[in-house]
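Asks: Attaching a predicted model along with its sequence, questions to come.
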Amino acid sequence: MFDQFFQEPRILGIVQAAVAAALALGVVILARYREIHVEKDAAIALVRGAVQVVAVGSVLLLLLQGPQWLGILTLLAMMVAAATIAARRAKGLPNAFWVSLLGIGFGAGLVIVSMTWLGVIDAALNSLIPVGSMLIANAMNSSALALDRFRGEVESHVGQIEAALALGAEPKNTVTPYVQAAVQSSLIPRIDSLRSLGIVWIPGLMAGMVLSGEDPVYAAIYQFVVIAMIFAAAGLTSVVSTLLIRSQAFSPVQQLRLRPGLGE
Amino acid sequence: MSSEVHLLRTENLSHRVDGTSLVDRVSVEIPAGDVVAVVGPSGPGKSSFLRLLNRLDEPTGGMVFLEGVDYREIPPQELRRRVGMVMQSPYLFPGTVADNLRFGPRQRGKDLSREDIEQLLARVNLSGYADRDVGKLSGGEAQRVSLARTLANEPEILLLDEPTSSLDENTQQDVEQLICDIIRDGGLTALIVTHDKDQARRVAQQAMVMESGRMVDLGPVKEVLGV
């Protein structure tokens, strides 16, 4: 309906955003009648979200018109930001930032480089940056989940690990089951994504391609390609991150560093 | 200081964590064949001292010598095989009793035979338990398996960190008697941490009293703890 009155895409976008925000505020007002007060938080989040997303759109506009090296630099910056966020989840783990950065750099980086070289990802910035960012974001989640699970497993099995060390075991042998559990649990969301693809959800990329007039079958196949690449990047990241953090969990003289509290 | 080479000797051994002194300048000499009870009130110190001897924690000061050799010169895996440790809880690994007994020797490429396993189990009065799942053992049985698992490494020194404290009274007596028999029959050198002075009198010849991480007394158990 609005497109009949507003021909200019950006004006149309602002009107659509205002209507969507009004709908969200309507829900907030409805909640208020039920004594659920989220007015302040919702208002701040809506304004913040709008500003952030418009800022990102503007930056993307500049990037997509820029040279190729700027795209590579952008992906590298995204990896650093992703490692910072993943390391926050892994608070207390030694060198968590570097472990996350190397994990994400290896996992997402290898998939981006190899798939771009093979032509699966278009080297043009308007394809490389959005697809690359999806791979990096998912690698970040996997790294954070794997590190968090690894820490949890180690901290709840300190006795078994130290019993094995006290028997002369090599540190890496004492945490093998916890490395496996960390990698497996970090991949559950990615496996569920593959399983439910097209049945439970139509992912954003495919929806966007269809909305912009792309052949739905090609859009669906490319969406599968992206989800499979995400799985590969996430899996590689989880494996590399947990193997790296495994070595950080022990001192050079094979003492467990991740020991909560002090024993008697 | 004696010119005799003791099996184990510590010199001002200390361990501080976040400004708290868990072990404070402990110097002790333990000849081969001695059984020393490490006693004292609840609080940091006794178990921390044992952890330092197995090098599960790193000393922040002082030295440990094993047969006159600075233990930092011995690879940690070899040191931990030679200085075996039985913890307060058994912490058995999932699997069978035999799997647990094979664990230590397998770390250095040695595979225990069925006969070796049966001999070890006989030493802890658990003959016929080799194929039992460790999840189905009682507390006392689990602690005996833990003891046999450490013995499978043929340690020169046995560190026992309150090995009976998590057991009920009857089982405590059984496991304590078993420990006494194993130490005596094998002529082992041992340090046993205990809160129980009666247990110390029954098990050890020497007593070492620790308070707030410091060694405040050391000598024959009857002199230090009374008869």
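Replies: Good, I have the coordinates. Numbers count the residues shown, from 1 in each chain, chains lettered A, B, ... in the order given.
Asks: what about the helices in chain B?
Replies: For chain B, applying DSSP state H gives helices covering B:46-53, B:76-82, B:97-106, B:114-123, B:139-151, B:169-186, B:197-203, B:221-225.
Asks: now for the third one, which elements pack on it?
Replies: Of the remaining helices and strands, those touching helix B:97-106 by 3 or more CB pairs under 8 Å, 6 or more residues apart in numbering or on different chains; DSSP states H and E are helix B:114-123, helix B:139-151. To be clear about C-beta, it is placed using only N, CA and C from the backbone, and glycine gets the same treatment.
Asks: let's see 10 Å
Replies: Counting contacts by 3 or more CB pairs under 10 Å, 6 or more residues apart in numbering or on different chains; DSSP states H and E, helix B:97-106 packs against helix A:158-166, helix B:76-82, helix B:114-123, helix B:139-151.
Asks: Tell me which of those helices is the most buried.
Replies: Among those, the stretch with the highest mean neighbour count (mean count of other CB atoms under 10 Å in any protein chain shown) is helix B:139-151, at a mean of 24.
Asks: quick one: contacts for the residue nearest to B:Ser42 when sequence neighbours are not counted?
Replies: Leaving aside its chain neighbours, B:Ser42 sits nearest to B:His195 (6.7 Å; criterion: CB to CB, 6 or more residues apart in numbering or on different chains). By CB atoms under 10 Å, 6 or more residues apart in numbering or on different chains, B:His195 lies in contact with B:Val39, B:Gly40, B:Pro41, B:Ser42, B:Lys46, B:Glu162, B:Ser165.
Asks: Mind checking if the helix or strand bottoming out on mean pLDDT in chain B is in reach of chain A?
Replies: Sorting the helices and strands of chain B by mean pLDDT, DSSP states H and E puts helix B:169-186 at the bottom, at a mean of 85. No: counting by CB under 10 Å from any CB of the partner chain, chain A is not contacted by helix B:169-186; separation bottoms out at 17.0 Å.
Asks: Give me the contact list for that helix.
Replies: Contact with helix B:169-186 is made by B:33, B:35, B:86, B:123-126, B:138-141, B:143-144, B:146-148, B:151, B:154-155, B:158, B:160, B:163-167, B:188-190, B:192, B:194, B:196, B:198-199, B:202-204, as judged by CB under 10 Å, 6+ apart.
Asks: what's the spacing between that helix and its chain's center?
Replies: Distance of helix B:169-186 from its chain centroid, counting by CA atoms, centre = their mean, to the nearest Å, is 13 Å.
Asks: cool, stretch B:104-118 as well?
Replies: 21 Å.
Asks: End to end on it, go ahead and measure it.
Replies: Length of stretch B:104-118, first residue to last, CA to CA, to the nearest Å: 16 Å.
Asks: Which residues of chain A lie near chain B?
Replies: So chain A meets chain B at A:157-171, A:173-174, A:177, A:250-256, A:259, A:262-264 (CB under 10 Å from any CB).
Asks: follow-up on the earlier one: go through the helices of chain B and find the least confident stretch.
Replies: Lowest mean pLDDT within the helices of chain B: helix B:169-186, a mean of 85.
Asks: pretty sure B:Glu75 is touching A:Val253, no?
Replies: Check again: residue B:75 is Pro, not Glu. Yes: in this structure, B:Pro75 is within contact of A:Val253 by CB atoms under 10 Å, at 9.2 Å.
Asks: now for the helix or strand of chain A with the lowest mean pLDDT, which elements pack on it?
Replies: When each helix and strand of chain A is scored by mean pLDDT, DSSP H and E, helix A:2-5 comes last, with a mean of 74. Identification of packing neighbours for helix A:2-5 by 3+ CB pairs under 10 Å, 6+ apart yields helix A:9-33.
Asks: Next secondary structure element downstream of the helix it packs on?
Replies: helix A:39-64 (DSSP states H and E).
Asks: Could you pull out the buried residues of that following helix?
Replies: Neighbour-count burial for helix A:39-64, counted by 16 or more other CB atoms under 10 Å in any protein chain shown, picks out A:Ala42, A:Leu46, A:Leu60, A:Leu63, A:Leu64.
Asks: now that helix and helix A:9-33, what's the angle there?
Replies: Calculated by axes from the mean of the first three to the mean of the last three CA atoms, to 10 degrees, helix A:39-64 forms an angle of 160 degrees with helix A:9-33.
Asks: Are there helices or strands packed against helix A:39-64, and which ones?
Replies: Applying 3+ CB pairs under 10 Å, 6+ apart, one finds that helix A:39-64 contacts helix A:9-33, helix A:68-89, helix A:125-156.
Asks: Listing request: residues of the stretch 151-264 of chain A with sub-threshold pLDDT.
Replies: Scanning the stretch 151-264 of chain A for pLDDT under 70 picks out the ranges A:200-202, A:261-264.
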